[in-house]
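Visitor: Next come a sequence and a model predicted from it.
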Amino acid sequence: MKWIYWLGWMSFGSAFRSLFGMRIEGREHLITEGPVLVASNHQSFLDPPLIGNLYQDEMCYLARKTLFNTVTRWVYTQWNAIPVDQDRPDMASLKTIIRKLKEGHRVLVFPEGSRTLDGEIGEAAPGIGLVAAKSGAVIQPVRIRGAREALPRGSARIRFARISVTVGPPIRLSPEELSAVKGKDDYERITRRIMDAIEAL
């Protein structure tokens, strides 16, 4: 790991275990080698480092491009963050994710796009089905619980809450499935399959 990534990984990991009693379920399902598209529900700003702590090496994340200002750009770059315009998602971001996966990286994506307001899993934003189909990467469904209670959307105050992360069996799209993908309807079908897997955890 790069030292700045390692520092964040160690710091967040220690905090999650000591403050929130982080519990990981389904660790045996983790795919630790090769390109992996990690798909998780989105509860809190805590979610990216929560997922990052599942692995012993680096992964890539998505981050709002507004976070990449003069002061923080270097840190987010060192943490392998990919800037995304949440208000106007563009193909450039999707192409970057696909390229990272094809290069063999692990990439975390929140299909909902934004953090939940009520704790429920929302509708998936367009894109993840396309990324899954174009990259052909293994898909790792993950579900987070308790992070919203620890740091709700709209709040800057950390609260003590027990957090758990559940890892589901990986989804592998067969060559036949990938070759049959023709357009939007097929991307939506793949997206629904991913969201169903997350909700089932």
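Guide: Great, that's in hand.

Visitor: Could you name the helices and strands sitting against the biggest helix by length in the chain?
Guide: Counting residues, the longest helix found in the chain (DSSP state H) is helix 3-20. Applying 3 or more Cβ pairs under 8 Å, 6 or more residues apart in numbering; DSSP states H and E, we find helix 3-20 packed against helix 47-52, helix 73-78. The way it works is simple: take the backbone N, C-alpha and C, and place the C-beta from them, glycine included.

Visitor: Identify whichever of those lies nearest to G122.
Guide: helix 47-52 (13.9 Å; Cβ to Cβ).

Visitor: Now the helix or strand following the closest one: buried residues?
Guide: Counting by DSSP states H and E, the next helix or strand C-terminal to helix 47-52 is strand 61-64. Within strand 61-64, the residues that count as buried by 16 or more other Cβ atoms under 10 Å are 61-63.

Visitor: Restrict the longest helix of the chain to CA atoms and write it as PDB.
Guide: What follows is helix 3-20, C-alpha atoms only, in PDB (Å, rounded to 0.1, in the frame of the first residue of the first chain):
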ATOM      1  CA  TRP A   3       1.800   5.100   2.900                       C
ATOM      2  CA  ILE A   4      -1.000   7.600   2.800                       C
ATOM      3  CA  TYR A   5      -3.500   4.900   1.900                       C
ATOM      4  CA  TRP A   6      -2.100   2.600   4.600                       C
ATOM      5  CA  LEU A   7      -2.400   5.400   7.200                       C
ATOM      6  CA  GLY A   8      -6.100   5.900   6.300                       C
ATOM      7  CA  TRP A   9      -6.700   2.200   6.200                       C
ATOM      8  CA  MET A  10      -5.100   1.700   9.700                       C
ATOM      9  CA  SER A  11      -6.800   4.700  11.300                       C
ATOM     10  CA  PHE A  12     -10.300   4.000  10.000                       C
ATOM     11  CA  GLY A  13     -10.000   0.300  10.700                       C
ATOM     12  CA  SER A  14      -9.000   0.900  14.400                       C
ATOM     13  CA  ALA A  15     -11.800   3.400  14.800                       C
ATOM     14  CA  PHE A  16     -14.400   1.100  13.300                       C
ATOM     15  CA  ARG A  17     -13.400  -1.700  15.600                       C
ATOM     16  CA  SER A  18     -13.100   0.300  18.800                       C
ATOM     17  CA  LEU A  19     -16.000   2.800  18.400                       C
ATOM     18  CA  PHE A  20     -18.500   0.800  16.400                       C
END
